[in-house]
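> sequence first, then the predicted structure, then my questions.
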Amino acid sequence: MSDFNYSFSPSNCAFYANTLKETYYAPANDWPSDAFEVSDDVTNEFTAQPPNGKKLGVVDGLPVWIDVPPPTQEELTAENELIKCRLRTVADAEIAWRQDAVETGIASGEETAVLAEWKKYRVLLMRVDTAKPEWPTVPDVQAS
């Protein structure tokens, strides 16, 4: 036998603990008007980790797993901006110590050559259009 300790609101696509109903009602009357009791089995199923590629949704007023929509262009661009920032941080770190070696006159020939590769990479990276990225190839070097 299933218990009914939770309610589901289709308009909010959310579960609410029935024990908190008075808490919701008392201060601000915030209990959703469309909330209805659901079994603990239903609550457990739809508050668990969703299946891969799914998220909680509502069909005919009931909780269901629906497909996660593909990311929008804005979301893709924002993610690419983060990638660009992370790559820039790596490039900056690789350039900084090699530049120090060159400026202090203690750089090896290899360090000087690799410094030029990293600087070229950083310039190309900063030119990447994150709406349609074509990422430059990271210099293939080992830290000395």
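Yep, it's here. Numbering: from 1, shown residues only.
> okay, residue 39: pLDDT?
Reading off the confidence values, residue 39 has pLDDT 96.
> pretty sure residue 128 sits in a helix.
No: checked against DSSP: H, G, I helix; E, B strand; the rest coil, residue 128 lies outside a helix; its state is coil.
> phi, psi of it?
With angles defined as degrees, to the nearest 10, residue 128 sits at phi -70, psi 130.
> go ahead and confirm it touches residue 122.
No: contact between residue 128 and residue 122 fails when scored by CB atoms under 8 Å: they sit 10.9 Å apart. All C-beta spots, glycine's among them, are computed from the backbone N, C-alpha and C.
> quick one: the strands in this protein?
Across the chain, reading from the start of the chain, the strands by DSSP state E fall at 6-9, 14-17, 36-38, 54-59, 62-67.
> most packed of the ones you listed?
Of those, the one with the most neighbours on average (mean count of other CB atoms under 10 Å) is strand 6-9, at a mean of 21.
> show me what the mean pLDDT comes to for stretch 13-31.
Here the mean pLDDT over stretch 13-31 is 83, rounded to a whole number.
> flag every buried residue along it.
Of the residues in stretch 13-31, those scored as buried under the neighbour-count criterion (16 or more other CB atoms under 10 Å) are 15, 16, 18, 31.
> thinking again about what came up before, between the strands of the chain, which one is nearest to residue 83?
Using CB to CB as the criterion, the shortest distance between residue 83 and the strands of the chain is 23.6 Å, found for strand 54-59.
> packing partners for that closest one?
In this structure, strand 54-59 packs against strand 62-67, with contacts taken as 3 or more CB pairs under 8 Å, 6 or more residues apart in numbering; DSSP states H and E.
> quick check: angle from the strand it packs on to strand 54-59?
Comparing the axes of strand 62-67 and strand 54-59 via axes from the mean of the first three to the mean of the last three CA atoms, to 10 degrees yields an angle of 140 degrees.
> what lines up beside strand 62-67 in the sheet?
The strands that strand 62-67 pairs with in its sheet are strand 54-59 (antiparallel) (by DSSP bridges).
> centre of the chain to the strand it pairs with, how far?
Here strand 54-59 shows a centroid-to-chain-centroid distance of 19 Å under the convention CA atoms, centre = their mean, to the nearest Å.
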